[in-house]
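Asker: Have a look; sequence and predicted model below, questions after that.
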Amino acid sequence: MISSSVAGIIFANAHDETIARLTQKRSIASIPFGGRYRLIDFGLSNLVNAGVSNIGIITKEKYRSLMDHIGSGMHWDLDRKSGGIRILPPFNVSRVRLYQNHVEALYGAMDFMVRCNAKHIVVYDARTVANIDIGAVIKTHIDNDADITVACRKGLEITNIDNTMTLDINKEGKVVLTGFPATIAADDYRSMGIYVFNREKLIDIVKNSYETGGDTINDDIISANIGSLKVMAYTFDGYSAIMDCPKAYRRANFDLLKADVRKDLFNSDRPIYTKTRDDMPTRYGTHSNVTNSLVAEGCIVEGTVKNSVLFRGVKVAKGAVVENSILMQSVSVGEGAVLDNVISDKNADIGEGMVVKGTEEKAFLIEKGQKI
């Protein structure tokens, strides 16, 4: 466990544009995932499991859903008098506008970084899904007296490779070179969007980068300082996924249908916490047929469900067929409807006999509350 010498920062809105259809009314951090979770649950849980209890969440816009999900932070044991969880909305003064990138976001959170009095700060991108031992990352950082430590994974699957940083690592684990290749190689070590910084160094770097018009963490904070700072790598070999497009979101949800992925991501040693909801068990009709699917509590299934993920409160009527699809909370599928390769946001209503089909490469997206 980590003492109060470590604080955490999570980006809630960074990369909203990469899954624009699912972030029209929410941040990427609050996108539902895996039947009952939100993407931010992984960052919060990983930090809390390492004993980090002073966490700031940098928001920009559309964060009502996020605030409703987090509440006081009690589901992550963060409802505290000292430390706890803080929402960090844009703080507009003469030198700070509504942020457009990582550097501006961190500059807007400068007050949190100065006041937290931690020696180290973990910076976490909410679009990263992994169950990673943050304590081990911090230990690597401290043992090597590093200025920056980057969590990375060999062959990490990236769909949108814009600004995806690869790392050349020597035998001591030091990052000697970074790159931004236009193609993906299976043996690349790629940043997971999880970093540990020496707090004072981070403050100085952010100030300097902001003054010079810096943009991203990977390019303008790490790569730009690779020659003057000690940058170490922490190599992770567990399951991880980056939500950088609808295809990646679909793939990661379907990965949960594999027993080994579920075992790795939801292991009992480092639980993934979320906002609890008391609901009845799922009810299956006498003619229902469910195979290779993840079905959350509170659902009513009377039709056929194959290779799909159903969130809480989904209803699949008699004669309906749902295949290769992701249906978020309280979606209703009418009698005789057919869904194949569909991603449906919350509270959508698919009428009787409707046929909605996408493809594996491009799922059909149904918007929140939409009626078809």
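Answerer: Yes, it's here. Numbering: from 1, shown residues only.
Asker: Specify the residue ranges that define each domain of the protein.
Answerer: 6-265, 283-366 (automatic domain parsing).
Asker: Take the ones you listed and lay them out in a markdown table including mean pLDDT.
Answerer: Converted to a markdown table, the domains of the chain look like this (pLDDT from 0 to 100):
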| stretch | mean pLDDT |
| --- | --- |
| domain 6-265 | 90 |
| domain 283-366 | 96 |
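Asker: can you redo those as a markdown table with distance to residue 277?
Answerer: In short, each C-beta sits where N, CA and C put it, glycine included. As requested, those are exported to a markdown table (distance: least, CB to CB, whole Å):
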| stretch | distance to residue 277 |
| --- | --- |
| domain 6-265 | 8 |
| domain 283-366 | 6 |
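Asker: Out of the ones you listed, which is closest to residue 372?
Answerer: domain 283-366 (5.1 Å; CB to CB).
Asker: For the closest one, what is the distance to the chain centroid?
Answerer: Computed by CA atoms, centre = their mean, to the nearest Å, the chain-centroid distance of domain 283-366 equals 24 Å.
Asker: With mean neighbour count and distance to residue 276 added, can I get the domains of the chain in CSV?
Answerer: Shown next, in CSV, are the domains of the chain (neighbours: other CB atoms under 10 Å; distance: least, CB to CB, whole Å):
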stretch, mean neighbour count, distance to residue 276
domain 6-265, 19, 6
domain 283-366, 20, 11
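Asker: of the ones you listed, which approaches residue 271 most closely?
Answerer: For the domains of the chain, proximity to residue 271 was assessed by CB to CB; domain 6-265 is nearest, at 6.7 Å.
Asker: First-to-last residue distance for the closest one?
Answerer: End-to-end span of domain 6-265 (CA to CA, to the nearest Å): 24 Å.
Asker: and if you look at stretch 16-23?
Answerer: Start-to-end, stretch 16-23 (CA to CA) is 6 Å.
Asker: Just want the most central residue of the chain.
Answerer: residue 127 (2.8 Å; CA atoms, centre = their mean).
Asker: who touches the closest residue to that one other than its chain neighbours in this structure?
Answerer: Nearest residue to residue 127, sequence neighbours excluded (CB to CB, 6 or more residues apart in numbering): residue 243, at 4.2 Å. Listed by CB atoms under 8 Å, 6 or more residues apart in numbering, the contact partners of residue 243 are 15, 18, 19, 28, 31, 33, 39, 127, 128, 129, 249, 252.
Asker: In the chain, where's the longest helix?
Answerer: helix 199-211 (DSSP state H).
Asker: Centre of the chain to that helix, how far?
Answerer: That offset, for helix 199-211, works out to 25 Å (CA atoms, centre = their mean).
Asker: just the contacts of residue 243 now: which is nearest residue 156?
Answerer: Once CB to CB is applied, the member of the contacts of residue 243 that ends up nearest residue 156 is residue 128, at 9.7 Å.
Asker: Just to check, the closest one is in contact with residue 192?
Answerer: Yes. Contact between residue 128 and residue 192 holds when scored by CB atoms under 8 Å: they sit 5.5 Å apart.
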